[in-house]
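Enquirer: Here is my input; please provide its structure:
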Amino acid sequence: MKRNSILIALVICFIACSAHAASYVYKTNIYDPGELKPADSSLKVKVGQKAPDFTLPAVSGKKVSLHDFFGRKNVVISFVPAAWTPVCSDQWPGYNIIQDIFESNDAVLLGITVDSIPTLFAWTNQMGKLWFDVLSDFWPHGAAAARFGVLRSDGVAERALFVIDKKGIIRYIDVHNINQRPPLENLVRELEKLKQKNSRQ
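Expert: Residues are numbered from 1 along each chain as shown. Below is the predicted model:
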């Protein structure tokens, strides 16, 4: 727990020191949509419910289904609005720093946007290598986001996190202000709570 706290402190420091590092490095390619309505959808799921299943193409070329992980891994789903935007370009690289925290809590991360595979391929290559699968919810457009209730009226997903246990049950939801990154420490706390709960069963 102490080691995790130190890691989180380092991540926060990293983010504070380079709040827009990714967008600065390739700033001519980053589109800034300006301040957006914080949330613009209506959740269709809640904590304690079975998560809606999906099968989506990954940038790696494979197909990934949520049910692939049932009985094996906890799953964190990170919906983000769009490739090539400032906050999204900072959020996902931050998860690289805490990869071992996911692993120690027996969890995988799935990143999902409504962008096409070619767009996601170019964007993630420019961001640098990500350890987790990046999935395209492009067609049918936003179908997975819609099933969770996080598809906005303009056709992009909310900035939302879902923690799903090995039985496929949703244990945590954060539909965050689309203009801000969700705090990493909150996600780590939820993963550790889930691990503790599993160890008691």
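Enquirer: what about the helices in this protein?
Expert: Applying DSSP state H to the chain gives helices spanning 2-17, 21-25, 86-97, 99-104, 117-127, 143-148, 184-200.
Enquirer: How far does stretch 107-114 sit from its chain's centre?
Expert: Between the centre of stretch 107-114 and the centre of its host chain there is 5 Å, according to CA atoms, centre = their mean, to the nearest Å.
Enquirer: Can you list the buried residues in that stretch?
Expert: Buried residues in stretch 107-114, counted by 16 or more other CB atoms under 10 Å: 107-114. Backbone N, C-alpha and C define where each C-beta goes, glycine included.
Enquirer: who touches it?
Expert: Applying CB atoms under 8 Å, 6 or more residues apart in numbering, the contact partners of stretch 107-114 are 56, 64, 66, 69, 73-83, 88, 92, 95, 102, 120, 130-138, 141-142, 144-145, 151, 155-157, 163, 191, 194.
Enquirer: need the contact list for the closest residue to P52 other than its chain neighbours.
Expert: Nearest non-adjacent residue to P52, counting by CB to CB, 6 or more residues apart in numbering: R147, 3.9 Å away. Residues near R147 by CB under 8 Å, 6+ apart: 44, 52, 54.
Enquirer: Just the buried ones out of those, please.
Expert: Listed as buried from the contacts of R147 are 52, 54; burial here means 16+ other CB under 10 Å.
Enquirer: Could you export stretch 38-53 as CSV, CA atoms only?
Expert: The C-alpha trace of stretch 38-53 is given here as CSV (Å, rounded to 0.1, in the frame of the first residue of the first chain):
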residue,chain,number,x,y,z
PRO,A,38,-19.1,18.3,-18.5
ALA,A,39,-21.5,15.4,-19.1
ASP,A,40,-24.1,14.8,-21.8
SER,A,41,-25.5,11.4,-21.5
SER,A,42,-27.7,9.2,-19.3
LEU,A,43,-26.2,6.1,-17.7
LYS,A,44,-27.9,2.8,-18.5
VAL,A,45,-26.0,0.7,-16.0
LYS,A,46,-25.2,0.9,-12.2
VAL,A,47,-22.9,-0.6,-9.7
GLY,A,48,-23.9,-4.2,-8.9
GLN,A,49,-25.2,-4.9,-12.4
LYS,A,50,-23.7,-7.2,-15.0
ALA,A,51,-21.7,-5.2,-17.5
PRO,A,52,-23.0,-5.1,-21.1
ASP,A,53,-20.8,-7.4,-23.2
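Enquirer: Identify each buried residue in that stretch, please.
Expert: Applying a neighbour-count criterion of 16+ other CB under 10 Å, the buried positions in stretch 38-53 are 39, 41, 45, 51-52.
Enquirer: who wins for proximity to V175 among the helices of the chain?
Expert: For V175, the closest of the helices of the chain is helix 143-148, at 9.3 Å, according to CB to CB.
Enquirer: and that closest one, average pLDDT?
Expert: Mean pLDDT, helix 143-148: 98.
Enquirer: what does stretch 173-192 give?
Expert: In this model, stretch 173-192 has an average pLDDT of 95.
Enquirer: Now do the buried residues in that stretch.
Expert: Applying 16+ other CB under 10 Å to stretch 173-192 flags 173-176, 178, 181-182, 184-185, 187-188, 190-191 as buried.
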